[in-house]
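Enquirer: One predicted model, sequence on top.
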Amino acid sequence: MQPRRPPLRRLEDARLPWWRRLFWSRKRWALAEPWGFVADDRFVVVPEGFETDLGTIPRPFWWYVSPTYKRALAAYVAHDWLLSEGVAPSYANRVFYDTLRAHGVGETKALAMFAAVEKWH
């Protein structure tokens, strides 16, 4: 049984400059209810209303993985939440990878996404 995906609701599109809209999604999302995930045998709860842009992925790479890739939603939210709480990026990135794998993302794709987050986040 796969872990539960975060319950998300779409927010109004954020206003971004035209040049940024060429490369990035301008959609924002919020948790519709509290949602939890496991990180190092701890259960972490993300409160209702937490806002995220999900995956910050440039448009040219959406053919490989999109910002709304269903299997990665939990990892996107977990990573954004941990960073917003001031957790070290290296730890948040490791939880990101572990959550991707727990939600059924293949090893090759999960490693590619992890490497991108490590390099550019």
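Expert: Right, received. Where do you want to start?

Enquirer: Tyr76 - that's part of a helix, no?
Expert: Yes. Membership of Tyr76 in a helix is supported by DSSP: H, G, I helix; E, B strand; the rest coil.

Enquirer: Hmm, it is touching Gly55, no?
Expert: Yes. Shown here, Tyr76 and Gly55 form a contact pair, counting by C-beta atoms under 8 Å, at 5.0 Å. Every C-beta, even on glycine, is put in place using the N, C-alpha and C of the backbone.

Enquirer: These two: who's more crowded?
Expert: Neighbour comparison, Tyr76 and Gly55: the larger count goes to Tyr76, with 25 against 22 (by other C-beta atoms under 10 Å).

Enquirer: Find the residue closest to that one in space, skipping its chain neighbours.
Expert: In space, not counting the residues next to it along the chain, Tyr76 is nearest to Leu54; the distance is 4.4 Å by C-beta to C-beta, 6 or more residues apart in numbering.

Enquirer: number of nearby residues for the one you found?
Expert: A total of 22 residues lie near Leu54 under the criterion other C-beta under 10 Å.

Enquirer: who touches it in this structure?
Expert: Leu8, Ser25, Lys27, Trp29, Pro67, Thr68, Ala72, Leu73, Tyr76, Val77 (C-beta atoms under 8 Å, 6 or more residues apart in numbering).

Enquirer: In TSV, list the residues you listed along with pLDDT.
Expert: Putting the contacts of Leu54 into TSV (pLDDT from 0 to 100) gives the following:
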residue	pLDDT
Leu8	84
Ser25	60
Lys27	74
Trp29	86
Pro67	83
Thr68	84
Ala72	92
Leu73	92
Tyr76	93
Val77	94
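
Enquirer: Which of the residues you listed fall within strands?
Expert: For those, membership in strands holds for Leu8, Trp29, with DSSP state E as the criterion.

Enquirer: Now which of the contacts of Leu54 would you call buried?
Expert: Among the contacts of Leu54, the ones that count as buried by 16 or more other C-beta atoms under 10 Å are Leu8, Ser25, Trp29, Pro67, Thr68, Ala72, Leu73, Tyr76, Val77.
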